[in-house]
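Peer 1: Pasted the sequence and its predicted model underneath.
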Amino acid sequence: MPGVTYEREVEFTPHGPLVYHVLRGPRPTGLYALKPVLSNDAVVGRERVTQMQRRLTATATVAGVNGDLFNWNVGYPSGILMLNGVLASPPHAERSSTGIAADGSLVVDRVKFNGTWQGVGQRRPLVLNKQPSAGGVAVYTPTWGPTTPPGTDTVELVLTPFPAAQPLRDLAGTVVSAKQGGGTPIPPNGAVLVGRGASGAGKLAAEAPVGTNVTVRLILTPDWSALPDAIGGGPVLVRQGRPVFRANEVFTLDQLVPRQPRSAVGQTADGKIILATADGRRPGYSVGVTNFELALLMMRLGAYTASALDGGGSATMAFEGKLLNRPSDPTGERPIAESLNLLYYGVHAPAVAEDVVSPNGDGVAERQTLAYKVVRPSSVNARLVGPDGSQQVLEAGSKAPDTYRFTWAGPGAEGTWRFVVDATDDLGRASSAERTFSVNSTLAALRMLTPTARRSVPLRASFTLSRAAQVRAAILSANGALYRALPARALGAGPQTLTWNGRTAYGSFVRTGRYQLRITAQNEIGSVSQTAPFSFRR
């Protein structure tokens with residue numbers, strides 16, 4: 001993802017190991033955007049971060065984390081959610097909200113909400129996309145979901161047409177129907193006013209009969225109506241580059257003090273975005289952080305301003321629908337209300353299939369698989385640049401939004417190759433993506449002569465070198481953990497053999513099980529490896 005980096009860090013603290021994950025990206029303008037993503041495209045219900053990202057991969061390259069705290073049963077966020085200037089959920093007045101300005105700046109502040117409705121009478125209070133209190137009134141917009149919540153003590157008025165729920169605007173609609181009880185379908189271009197209890201239902205019935213024009217106003221203080229997007233969370237972690245120890249926001253000690261998984265969003269003084277997730281609740285792997293330790297972490301990462309997001313089992317980081325961290329729930333990744341994602345709209349080249357292509361006829365890494373993705377109609381030039389600077393054009397011309405793949409088997413000189421894709425989309429925005437790999441035929445034909453080694457039968461393997469190289473051999477577990485590194489040897493071209501007595505570096509035999517032998521050859525062309533499985537029985 002051009003311009004975006006991912007880091008996985010491990011710290012050994014007095015409390016145990018800590019593993020945290022960091023995404024860094026440029027100021028979210030132009031080809032980049034920082035956007036909340038609503039689960040299922042509706043306030044009700046929950047969805048995993050990886051699922052949300054997979055829905056977006058055709059329109060952007062996506063990397064992000066979980067979002068706000070949320071209602072477990074219904075799924076609605078606890079704080080503000082604003083999408084492209086449309087308010088989907090009101091802010092929590094006693095917790096920080098994070099707004100994303102059109103110039104890519106983050107604004108972290110406490111925001112209050114006041115909603116009103118007016119029929120033939122005076123202005124009266126309402127809530128947005130939340131269950132009204134007894135005697136209260138709520139407006140449900142299409143973002144809520146297909147129907148209003150179940151209810152028995154309500155009067156429900158359907159308004160259509162009704163504009164998008166933008167704050168600080170008079171939103172006017174006509175009452176076209178009225179009914180009692182919940183489950184009222186919300187029209188795509190309308191809304192539903194719900195009055196609960198004798199007071200709320202009575203006022204709606206009296207002041208907004210069928211045919212009445214009703215005006216709704218959604219007020220944010222301070223005025224955030226110019227911000228395209230916003231997400232809840234909190235507490236504030238960093239102000240003007242300094243960590244905040246006590247934010248005095250409405251959170252319990254159980255939410256702030258224990259070491260647990262946590263996520264955060266921040267911005268550096270020059271506008272770069274930082275998304276961080278600390279793993280936790282996994283003794284021996286990662287103990288997690290307190291809220292203030294998260295603030296210190298964001299400060300060390302360079303944040304000038306930062307806010308916490310949801311934590312615990314919700315703490316998730318993913319890229320293009322694939323997990324980067326280890327969520328703490330025993331069942332794995334948790335379905336949540338929303339996510340916060342860094343989106344890239346330029347050309348994207350996924351990682352190459354083979355770091356080293358070895359076209360020597362042994363059937364291992366003979367071909368390279370390359371790909372690129374464009375998300376808007378684009379003029380594309382995809383090419384391979386060889387070690388000597390020569391170019392092979394793979395594709396050139398106009399391309400519709402899609403992912404395009406190639407299989408390349410040479411011919412090619414040995415050394416470092418670059419896969420370069422330049423694209424200009426229909427909005428005139430130019431972007432470029434690049435991946436490197438090497439072509440190296442030095443090592444070939446690794447074979448296990450003793451597929452099952454024993455104490456009395458050492459492991460024997462053979463391989464071939466096409467030229468002289470420094471050769472290193474390693475014994476790995478079945479999942480890739482290093483058991484034994486054998487001494488490096490300088491070998492000439494030709495057939496080679498290797499033996500291993502089944503012992504670790506300390507002289508004891510390894511346990512019975514499945515292992516791997518990895519041979520690495522290094523010379524002036526570069527490094528190339530091959531791996532083969534075998535078994536050992538004590």
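Peer 2: Yep, it's here.
Peer 1: For the nearest residue to Glu11 once chain neighbours are set aside, list the residues it contacts.
Peer 2: In space, and not counting its chain neighbours, Glu11 is closest to Leu18: 4.6 Å by Cβ to Cβ, 6 or more residues apart in numbering. C-beta coordinates here come from the backbone N, C-alpha and C atoms, glycine included. Contacts for Leu18 (Cβ atoms under 8 Å, 6 or more residues apart in numbering) come out as Val10, Glu11, Phe12, Ala278, Asp279, Ser286, Val287, Gly288, Val289.
Peer 1: Please pick the buried ones from these.
Peer 2: If you count burial by 16 or more other Cβ atoms under 10 Å, the buried members of those come out as Ala278, Asp279, Ser286, Val287, Gly288, Val289.
Peer 1: Identify each buried residue in stretch 167-175, please.
Peer 2: Pro167, Arg169, Leu171, Gly173, Thr174, Val175.
Peer 1: Now, those residues that are in strands?
Peer 2: Leu171, Gly173, Thr174, Val175 (DSSP state E).
Peer 1: From Gly115, how far out is the third one?
Peer 2: Relative to Gly115, Thr174 is positioned 19 Å away (Cβ to Cβ, to the nearest Å).
Peer 1: What helix or strand is the residue sitting nearest the centre point of the chain located in?
Peer 2: Closest to where the C-alpha atoms of the chain average out (Cα atoms, centre = their mean) is Gly64, at 2.7 Å. If you go by DSSP states H and E, Gly64 is part of strand 61-66.
Peer 1: Now do that strand: which elements does it pack against?
Peer 2: strand 16-25, helix 49-56, strand 262-267, strand 273-278, strand 305-311, strand 317-319, strand 338-344 (3 or more Cβ pairs under 8 Å, 6 or more residues apart in numbering; DSSP states H and E).
Peer 1: try it again with 7 Å
Peer 2: With contacts defined as 3 or more Cβ pairs under 7 Å, 6 or more residues apart in numbering; DSSP states H and E, strand 61-66 has these neighbours: helix 49-56, strand 273-278, strand 305-311, strand 317-319, strand 338-344.
Peer 1: residue contacts, the nearest residue to Thr98 once chain neighbours are set aside?
Peer 2: In space, and not counting its chain neighbours, Thr98 is closest to Ser307: 4.9 Å by Cβ to Cβ, 6+ apart. When contacts are counted by Cβ atoms under 7 Å, 6 or more residues apart in numbering, Ser307 is found next to Ser96, Thr98, Val108, Gly233, Gly234, Val236, Leu237, Ala264, Val265.
Peer 1: One more: Gly211?
Peer 2: Listed by Cβ under 7 Å, 6+ apart, the contact partners of Gly211 are Thr174, Val175.
Peer 1: cool, the one 3 residues further on as well?
Peer 2: Residues in contact with Val214, defined by Cβ under 7 Å, 6+ apart, are Trp117, Gln118, Gly119, Leu159, Gly173, Val175, Leu193, Ala208.
Peer 1: Reformat these as TSV; add pLDDT.
Peer 2: Output for the contacts of Val214, formatted as TSV (pLDDT from 0 to 100):
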residue	pLDDT
Trp117	98
Gln118	98
Gly119	97
Leu159	98
Gly173	98
Val175	98
Leu193	98
Ala208	97
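Peer 1: follow-up on the earlier one: contact partners of the next helix or strand after the strand holding Gly64?
Peer 2: Using DSSP H and E, the helix or strand that follows strand 61-66 in sequence is strand 81-83. Here strand 81-83 makes contact (Cβ under 7 Å, 6+ apart) with Pro36, Leu38, Ala88, Ser89, Leu227, Asp229, Ala230, Ile231, Gly232, Glu338.
Peer 1: Looking at the residues you listed, which are in strands?
Peer 2: Those of the contacts of strand 81-83 lying in strands (DSSP E): Pro36, Leu38, Ala88, Ser89, Asp229, Ala230, Ile231, Glu338.
Peer 1: Make sure the first one is actually in contact with Gly67.
Peer 2: Meaning Pro36. Yes: contact criterion Cβ atoms under 7 Å: Pro36 and Gly67 qualify, at 6.0 Å.
Peer 1: more crowded one of those two?
Peer 2: The neighbour comparison of Pro36 against Gly67 (other Cβ atoms under 10 Å) goes to Gly67, with 31 against 27.
Peer 1: What is the neighbour count of the nearest residue to that one once chain neighbours are set aside?
Peer 2: Of all residues not flanking Gly67 in the chain, Glu338 sits nearest, at 3.7 Å (Cβ to Cβ, 6+ apart). The tally of other residues near Glu338 (other Cβ under 10 Å) stands at 29.
Peer 1: in the sheet, who's paired with Glu338?
Peer 2: Glu338 has these beta-bridge partners by DSSP bridges: Leu38.
Peer 1: One more: Val175?
Peer 2: Under the criterion used here (DSSP bridges), Val175 is bridged to Leu159.
Peer 1: on that earlier part again, ok, so of the contacts of Ser307, who is nearest Leu459?
Peer 2: Each of the contacts of Ser307 was scored against Leu459 by Cβ to Cβ, and Ala264 proved nearest at 48.4 Å.
Peer 1: from memory that closest one sits against Leu294, does it?
Peer 2: Yes: with contacts counted by Cβ under 7 Å, Ala264 reaches Leu294, the gap being 5.7 Å.
Peer 1: joint contacts of those two?
Peer 2: Joint contacts of Ala264 and Leu294 (Cβ under 7 Å, 6+ apart) are Leu237, Ala308.
Peer 1: could you measure Ser466 against Arg447, distance?
Peer 2: In terms of Cβ to Cβ, Ser466 sits 16 Å off from Arg447.
Peer 1: Have a look at those two and say which one is more surrounded.
Peer 2: Ser466 (17 against 14).
Peer 1: sorry, back to before: contacting residues around the residue nearest to the centre of the chain?
Peer 2: Gly64 touches Val49, Gln53, Leu275, Ala318, Ser339, Leu340, Asn341, Leu342, counting by Cβ under 7 Å, 6+ apart.
Peer 1: Can you pull out the low-pLDDT segments for the stretch 151-300 of the chain?
Peer 2: Confidence mapping of the stretch 151-300 of the chain against pLDDT under 70 gives zero matching residues.
Peer 1: again with the stretch 301-450 of the chain
Peer 2: In the stretch 301-450 of the chain, no residues with pLDDT under 70.
Peer 1: which residues of it fall in strands?
Peer 2: Here the stretch 301-450 of the chain has its strands, by DSSP state E, counting those that start in this stretch, at 305-311, 317-319, 322-323, 338-344, 356-357, 368-374, 378-385, 391-399, 402-408, 415-425, 430-439, 443-448.
Peer 1: In terms of pLDDT, where does the closest residue to Val287 other than its chain neighbours sit?
Peer 2: In space, Val287 comes closest to Gly16 once its chain neighbours are excluded; the distance is 4.0 Å by Cβ to Cβ, 6+ apart. pLDDT, Gly16: 96.
Peer 1: Then Thr504?
Peer 2: Confidence score, pLDDT, at Thr504: 88.
Peer 1: That one and Val510 touch, don't they?
Peer 2: Yes: with contact defined as Cβ under 7 Å, Thr504 counts as touching Val510 (6.0 Å).
Peer 1: which of these two has more neighbours?
Peer 2: Val510 (17 against 12).
Peer 1: Secondary structure class of Glu293, three-state.
Peer 2: helix (DSSP: H, G, I helix; E, B strand; the rest coil).
Peer 1: Tell me, how many residues neighbour it?
Peer 2: So Glu293, with other Cβ under 10 Å, has 17 neighbours.
Peer 1: For it, list the residues it contacts.
Peer 2: With Cβ under 7 Å, 6+ apart, Glu293 has no contacts at all.
Peer 1: One more pass at 10 Å, please.
Peer 2: Neighbour list for Glu293: Thr13, His15, Leu18, Pro243, Arg259, Arg262, Ala278 [criterion: Cβ atoms under 10 Å, 6 or more residues apart in numbering].
Peer 1: And for Gly492?
Peer 2: Per Cβ under 10 Å, 6+ apart, neighbours of Gly492: Leu465, Arg467, Ala468, Ala469.
Peer 1: one step back: could I get the strands of the stretch 301-450 of the chain as a markdown table with distance to Ala134?
Peer 2: Output for these, formatted as a markdown table (distance: least, Cβ to Cβ, whole Å):
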| stretch | distance to Ala134 |
| --- | --- |
| strand 305-311 | 29 |
| strand 317-319 | 41 |
| strand 322-323 | 43 |
| strand 338-344 | 28 |
| strand 356-357 | 69 |
| strand 368-374 | 52 |
| strand 378-385 | 56 |
| strand 391-399 | 58 |
| strand 402-408 | 53 |
| strand 415-425 | 53 |
| strand 430-439 | 54 |
| strand 443-448 | 74 |
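Peer 1: Before I go, just wanted to say thanks for your time.
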